[in-house]
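Novice: Any chance you can model this:
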Amino acid sequence: MFTFLTTLIAVGGITLGVAALIITLAVMSGFHRDIRERILGLQPHLTVLKESGTSFHEHEQVAADILREKEIRAASPFVYGQIILRHGEATAGVVLKGIDWKKEQQLVGLAKSIKDTRLLAGGLQDNQVIIGKELARNLGAALGKEVILVSPGQFGVVPRMEKFRVAGIFSSGMYEYDANLAYVSLPSGQKLFGLENAVSGVGVALTDWEKADTIAAALQAKLDYPYWVRSWETMNKNLFAALKLEKIMMFIILTLIIVVAAFNIISNLLLLTVEKAKEIGILSALGFRRLEIGRIFLFEGLIIGMTGIFAGTGLGVGLSLLLKKYQFIHLPADVYYLDTLPVRLVPGDIISVVAATLLISLVAGIYPAYQATKLDPLEAIRYG
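Specialist: Numbering: from 1, shown residues only. Below you'll find the predicted structure:
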């Protein structure tokens, strides 16, 4: 009875460890995917800028050179800079981006993040502005309302003030974007920043976003100085590196739960060798080799481990699917970028958990199996 109880504890420990690992890795993978998708919803795969961030006039030629490259499907010029946005008594400093509305839709999914596009049926007009959901809430601005954009101006130049009408409110799901970003037409952005026909850079869309770094290097070699090309991965390198490191560390830390459960397997098998000493002696007397007897206890440890793996995998996958479907855990968006807990089950992660747990279970059975082979058959039968 006591052996059965310790077996249940060992199986339970493995089950909880495997389930915790699967759920944690699913959440971390979900964070990685959701943040990537939301970033690419508003940020091009590649960005071509000029040295020191200066503006340039030859953007049409640069865009033409870019589009000659394979696996590049679109290119669009833009201007950007800091600006002050006012509505009534409320004021906010934002990043303003001037875009070519039609070309921008080939680059990113800005239009998809705008729920009401009635005022944008004819494109983004020169007197219209698109602002983020959080920015609209902070300013108390609504669709169709007028806001004032104040450009900082250059040294010795009076700041320029222009009235714009809110033509769209986007919701990317990324708090930083929704609270600090606004869009106007390219001519309006050039006028506000005093750039005439110059642009700040050219955004580039690829047929395969996963090749961004490779294509960025090839494009950099072609354009050369004074242009420099940055991929979306490079521009968000710190964020994704932190997420990757956190995922690895969580895997290591939660694996300790399985290691602790493995000690229960060891104690269970050692207890079993004591209880079954007489049976082990009889098997030895019947001609069973020590290796065959040790293999029995090794398989016993694997059976306990595999039982916990099956139960833990079912529990972990089941809870992950529930979290994914009902999204009943909400997060503060200004802290975690996202407002709900994302879940993504990756087959590779599940296989890694199963393989690691099997290995730990196998190692846990080695010592008890070795102890079983050391029993003297005559002593075991006499005193077993």
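Novice: the helices in the stretch 101-250 of the chain, which residues?
Specialist: Using DSSP state H, counting those that start in this stretch, the helices of the stretch 101-250 of the chain run over 101-107, 133-139, 175-180, 186-192, 212-223, 232-235, 237-275.
Novice: just checking, which of those helices comes out with the lowest mean pLDDT?
Specialist: For these, mean pLDDT drops lowest on helix 237-275, to a mean of 82.
Novice: That one packs against which elements?
Specialist: Judged by 3 or more CB pairs under 8 Å, 6 or more residues apart in numbering; DSSP states H and E, helix 237-275 is in contact with helix 2-40, helix 290-326, helix 347-373. Just so you know, the C-beta spots here come from the backbone N, C-alpha and C atoms, and that holds for glycine as well.
Novice: ok so, going back, for the helices of the stretch 101-250 of the chain, which one sits closest to residue 95?
Specialist: helix 175-180 (5.8 Å; CB to CB).
Novice: which other helices and strands contact the closest one?
Specialist: strand 128-132, helix 133-139, helix 333-336.
Novice: Quick one: distance of that helix to the chain centre.
Specialist: 18 Å (CA atoms, centre = their mean, to the nearest Å).
Novice: just stretch 87-97 next, same as before
Specialist: 30 Å.
Novice: who's in contact with it?
Specialist: 78-86, 131, 135, 138-141, 145-149, 180-184, 189, 192 (CB atoms under 8 Å, 6 or more residues apart in numbering).
Novice: just the buried members of the residues you listed?
Specialist: 78-81, 83-85, 131, 135, 138-139, 141, 147, 149, 180-184, 189, 192 (16 or more other CB atoms under 10 Å).
Novice: show me where pLDDT drops low in the stretch 51-200 of the chain?
Specialist: 153-158 (pLDDT under 70).
Novice: where do the strands sit along it?
Specialist: Counting by DSSP state E, counting those that start in this stretch, the stretch 51-200 of the chain has strands at residues 72-87, 90-99, 128-132, 146-150, 161-170, 181-185.
Novice: nearest to residue 355, of those?
Specialist: strand 72-87 (39.2 Å).
Novice: CA-only coordinates of the closest one in PDB, if you can.
Specialist: The C-alpha trace of strand 72-87 is given here as PDB (Å, rounded to 0.1, in the frame of the first residue of the first chain):
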ATOM      1  CA  ILE A  72      10.700  42.200 -52.400                       C
ATOM      2  CA  ARG A  73       7.000  42.900 -53.200                       C
ATOM      3  CA  ALA A  74       6.500  46.600 -52.300                       C
ATOM      4  CA  ALA A  75       8.300  49.800 -51.300                       C
ATOM      5  CA  SER A  76       6.800  53.000 -49.900                       C
ATOM      6  CA  PRO A  77       8.400  56.300 -48.900                       C
ATOM      7  CA  PHE A  78       7.600  57.900 -45.500                       C
ATOM      8  CA  VAL A  79       8.500  60.800 -43.300                       C
ATOM      9  CA  TYR A  80       8.400  60.700 -39.500                       C
ATOM     10  CA  GLY A  81       9.300  62.800 -36.500                       C
ATOM     11  CA  GLN A  82       8.100  64.100 -33.100                       C
ATOM     12  CA  ILE A  83       5.100  66.400 -33.000                       C
ATOM     13  CA  ILE A  84       2.600  67.800 -30.500                       C
ATOM     14  CA  LEU A  85      -1.000  66.900 -30.900                       C
ATOM     15  CA  ARG A  86      -3.700  68.900 -29.200                       C
ATOM     16  CA  HIS A  87      -7.500  68.500 -28.700                       C
END
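Novice: follow-up on the earlier one: of all the helices and strands packed on helix 175-180, which one is nearest residue 166?
Specialist: So among these, strand 128-132 is nearest, using CB to CB, at 6.0 Å.
Novice: who does the closest one touch, helix- and strand-wise?
Specialist: Looks like strand 128-132 contacts strand 146-150, strand 161-170, helix 175-180, strand 181-185 (3+ CB pairs under 8 Å, 6+ apart).
Novice: Select, out of those, the one closest to residue 24.
Specialist: Closest among the helices and strands packed on strand 128-132, once you apply CB to CB, is helix 175-180, at 23.3 Å.
Novice: which parts of that closest one are buried?
Specialist: Applying 16+ other CB under 10 Å to helix 175-180 flags 175, 177, 178, 179, 180 as buried.
Novice: dump the residue contacts of the last one.
Specialist: Counting by CB under 8 Å, 6+ apart, residue 180 touches 94, 95, 132, 135.
Novice: So for residue 49, what's the nearest residue that isn't a sequence neighbour?
Specialist: residue 201 (4.4 Å; CB to CB, 6 or more residues apart in numbering).
Novice: and residue 45, how many residues sit next to it?
Specialist: 26 (other CB atoms under 10 Å).
Novice: How about residue 142?
Specialist: There are 11 residues near residue 142, going by other CB under 10 Å.
Novice: Surely it touches residue 166?
Specialist: Yes: the pair residue 142 / residue 166 is scored as a contact, 6.9 Å apart, by CB atoms under 8 Å.
Novice: Need the residues touching each of these two.
Specialist: Joint contacts of residue 142 and residue 166 (CB under 8 Å, 6+ apart) are residue 136.
Novice: Just to be sure, residue 47 is in a strand?
Specialist: Yes: assessed by DSSP: H, G, I helix; E, B strand; the rest coil, residue 47 belongs to a strand.
Novice: beta partners for it?
Specialist: As for beta bridges, residue 47 partners with residue 203, residue 230 under DSSP bridges.
Novice: my guess is it meets residue 230, correct?
Specialist: Yes: contact criterion CB under 8 Å: residue 47 and residue 230 qualify, at 5.2 Å.
Novice: Kindly report the domain assignment for the chain.
Specialist: Under the assignment automatic domain parsing, the domains of the chain span 2-38+239-383, 56-199.
Novice: before we move on, back to that, check contacts around the residue nearest to residue 49.
Specialist: 47, 48, 49, 50, 77, 78, 80.
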